[in-house]
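# Make a model of this:
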Amino acid sequence: MRGVGTLYYAATVITAGALAGGEERVVVWTAVACIIVSIVVHGVTGGPALRLLFAGLREEQQRAADPPLRPRPAPEPASPPAR
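Below is the predicted model of the structure:
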């Protein structure tokens, strides 16, 4: 969505005639480069980030599913020493 917004704003500036010919080219290629870099970075980091996030969620779910620990029974009282 942001890439589309970037292209929209670049097109708006260019069609308004606020830039010289060389500047228009710089704006267009800067916008395209930013969009491509954004796609690559999000594609590379998205998978590992989600695996880390879901690993934490899986641990919480597993902990919640485990039966609660029961206390150990009290030891038998020791018999009194013989006299």
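# Need the residue closest to the centroid of this protein.
Ala49 (4.6 Å; Cα atoms, centre = their mean).
# and that one, what element?
Using DSSP states H and E, the secondary-structure element containing Ala49 is helix 21-65.
# what's that helix packed up against?
Where contact means 3 or more Cβ pairs under 8 Å, 6 or more residues apart in numbering; DSSP states H and E, helix 21-65 is packed against helix 2-15. C-beta coordinates here come from the backbone N, C-alpha and C atoms, glycine included.
# hmm, who's touching the helix it packs on?
Residues outside helix 2-15 that contact it (Cβ atoms under 8 Å, 6 or more residues apart in numbering): 19, 24, 27-28, 31, 34-35, 38-39.
# most neighbours, which of those?
Ala31 (20 neighbours; other Cβ atoms under 10 Å).
# Let me see the contact set for that one.
Contacts of Ala31 by Cβ under 8 Å, 6+ apart are 6-7, 9-10.
# any chance of the contacts of helix 2-15 in JSON lines, with distance to Arg63 too?
Output for the contacts of helix 2-15, formatted as JSON lines (distance: Cβ to Cβ, whole Å):
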{"residue": "Leu19", "distance to Arg63": "58"}
{"residue": "Glu24", "distance to Arg63": "58"}
{"residue": "Val27", "distance to Arg63": "52"}
{"residue": "Val28", "distance to Arg63": "52"}
{"residue": "Ala31", "distance to Arg63": "47"}
{"residue": "Cys34", "distance to Arg63": "42"}
{"residue": "Ile35", "distance to Arg63": "41"}
{"residue": "Ser38", "distance to Arg63": "36"}
{"residue": "Ile39", "distance to Arg63": "37"}
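# Save the residues you listed as a markdown table, and put in distance to Pro75 and pLDDT too.
Shown next, in a markdown table, are those (distance: Cβ to Cβ, whole Å; pLDDT from 0 to 100):
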| residue | distance to Pro75 | pLDDT |
| --- | --- | --- |
| Leu19 | 86 | 85 |
| Glu24 | 86 | 91 |
| Val27 | 80 | 91 |
| Val28 | 80 | 91 |
| Ala31 | 75 | 93 |
| Cys34 | 70 | 92 |
| Ile35 | 70 | 93 |
| Ser38 | 65 | 91 |
| Ile39 | 65 | 90 |
